[in-house]
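Here you go, sequence then predicted model.
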Amino acid sequence: MKQRIVTGAIGGVIFIGLTIVGQWYYYGLILLLALIGYAEYVRMNGLKWTHPASLLGFAGMLVMLVPWRELGIGEPSAVHMLWLLMFLLLAVTVVTKNAMTIDGAALMLLGSLYIGYGFYAMFAVRNGEVHGLLTTLMAFAAIWSSDIGAYFTGKAIGKHKLWPSISPNKTVEGSLGGAVLAVIVALLFALFAPDVISVWRALLIGVIAAVAGQFGDLIQSAYKRVRGIKDTGTLLPGHGGVLDRCDSWLIVFPLLLMTGLLPLNG
């Protein structure tokens, strides 16, 4: 537990510090996390990073992470990028004479989208023209509050298992406690900056951070159970890998972008 606390504190200070600084420092952090996260994903699926399908997956993920607008380059169509990546991965199945199966190609495509767009969404929110730092901190605070609320509520009064076949320690009471705390924290941001975030937006952001964030956690738990592993990696002593720590983020931030709940542009 001591190691977990120390690692979390140091990692949290570095992460929040670079988030506050923003710009290319924050992008560099996001890029590093994405690269490590995809390396974990490849390893979880039994491939080496030098495998052609792995390299294509890495390339596809990086293309999704490129800040096209900031670089003054026209952004390619997302559908076109995904289709091209799909074609190249399927071509690998032919070239390798099915040593890489269509199932393996589909997994690499899925990983590129899951990790690449998930981390891109975090950068897009932080780099928004309207209060990018405030809205980013709000989203992270709501996600972390959901985790904290779920943990302590579950410890205190948790009795009914939420999804025992996927994550045996999670409870319905804990899940509800996390949702309540996430909404409260989001509403506090609305009270602090009502000109940026309205109450109804804050309410919806808190709900998405809690519900989608908990689903992100369960998704990763389900995948690890299928692969028979406890953690996705060993980068953070006591915390596991990047995908272990960022599983909620990778689901919540894209949803906040899609719903338009965070005011990115003036």
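Thanks, I have the structure now.

From now on I want contacts and neighbour counts done on CA atoms only, so please keep to that.
Will do.

Mark out where each domain of the chain begins and ends.
The record's domain parsing of the chain by automatic domain parsing lists 23-126, 129-266.

Tell me which of those lies nearest to G12.
The minimum distance between G12 and the domains of the chain falls on domain 129-266, with 11.2 Å, by C-alpha to C-alpha.

Against L90, how distant is the residue of the chain positioned farthest from its centre?
Largest separation from the mean C-alpha position in the chain: K97, at 34.2 Å (C-alpha atoms, centre = their mean). K97 sits 11 Å away from L90, going by C-alpha to C-alpha, to the nearest Å.

which residues of the stretch 1-150 of the chain fall in helices?
2-21, 23-44, 52-65, 78-95, 102-126, 132-157 (DSSP state H, counting those that start in this stretch).

The fifth one - contacts with which helices or strands?
I take that to be helix 102-126. helix 23-44, helix 52-65, helix 78-95, helix 132-157, helix 249-259 (3 or more C-alpha pairs under 8 Å, 6 or more residues apart in numbering; DSSP states H and E).

Make CSV from those and add mean neighbour count and distance to L203 to it.
CSV is the format used below for those (neighbours: other C-alpha atoms under 10 Å; distance: least, C-alpha to C-alpha, whole Å):
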stretch, mean neighbour count, distance to L203
helix 23-44, 19, 27
helix 52-65, 22, 29
helix 78-95, 16, 30
helix 132-157, 21, 10
helix 249-259, 20, 12
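
closest one to A9 among the domains of the chain?
Closest approach to A9 among the domains of the chain is made by domain 129-266 (11.3 Å; C-alpha to C-alpha).

And that closest one, how far out from the chain middle?
How far domain 129-266 lies from its chain's middle: 10 Å, per C-alpha atoms, centre = their mean, to the nearest Å.

For the remainder of this discussion, apply numbering that starts at 36.
Shifting the count to begin at 36 puts that one at domain 164-301.

could you give the mean pLDDT of it?
Averaging pLDDT along domain 164-301 gives 90.

again, but for stretch 139-152
The predicted model assigns stretch 139-152 a mean pLDDT of 95.

Using CSV, list the CA coordinates for that stretch.
Provided in CSV are the C-alpha atoms of stretch 139-152 (Å, rounded to 0.1, in the frame of the first residue of the first chain):
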residue,chain,number,x,y,z
GLY,A,139,-5.6,-10.8,-34.9
ALA,A,140,-5.9,-8.0,-37.6
ALA,A,141,-9.2,-6.9,-36.1
LEU,A,142,-7.7,-6.7,-32.6
MET,A,143,-4.9,-4.4,-33.9
LEU,A,144,-7.5,-2.2,-35.6
LEU,A,145,-9.5,-2.1,-32.4
GLY,A,146,-6.5,-1.2,-30.3
SER,A,147,-5.5,1.7,-32.6
LEU,A,148,-9.0,3.2,-32.4
TYR,A,149,-9.4,2.6,-28.7
ILE,A,150,-6.0,4.0,-27.6
GLY,A,151,-5.3,6.5,-30.4
TYR,A,152,-8.6,8.4,-30.4
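
got the angle between the lengthiest strand in the chain and helix 167-192?
Taking DSSP state E as the criterion, the chain has its longest strand at strand 202-206. With axes from the mean of the first three to the mean of the last three C-alpha atoms, to 10 degrees applied, the angle from strand 202-206 to helix 167-192 works out at 90 degrees.

Give me the contacts around the helix or strand just after strand 202-206.
Moving toward the C-terminus from strand 202-206, the next helix or strand (DSSP states H and E) is helix 207-227. Outside helix 207-227, the residues within contact range by C-alpha atoms under 8 Å, 6 or more residues apart in numbering are 173-174, 176-190, 192-197, 231-234, 237-242, 244-246, 249.

got the angle between helix 207-227 and strand 202-206?
60 degrees.

buried stuff in helix 207-227?
By 16 or more other C-alpha atoms under 10 Å, the buried positions in helix 207-227 come out as 207-222, 224-225.

where's G81 relative to L296, distance?
38 Å.

Let me fix that, I meant to ask about I219.
Following C-alpha to C-alpha, the distance that separates I219 from L296 is 17 Å.

and what of S202?
In terms of C-alpha to C-alpha, S202 sits 30 Å off from L296.

likewise E105?
Taken as C-alpha to C-alpha, the span from E105 to L296 is 22 Å.
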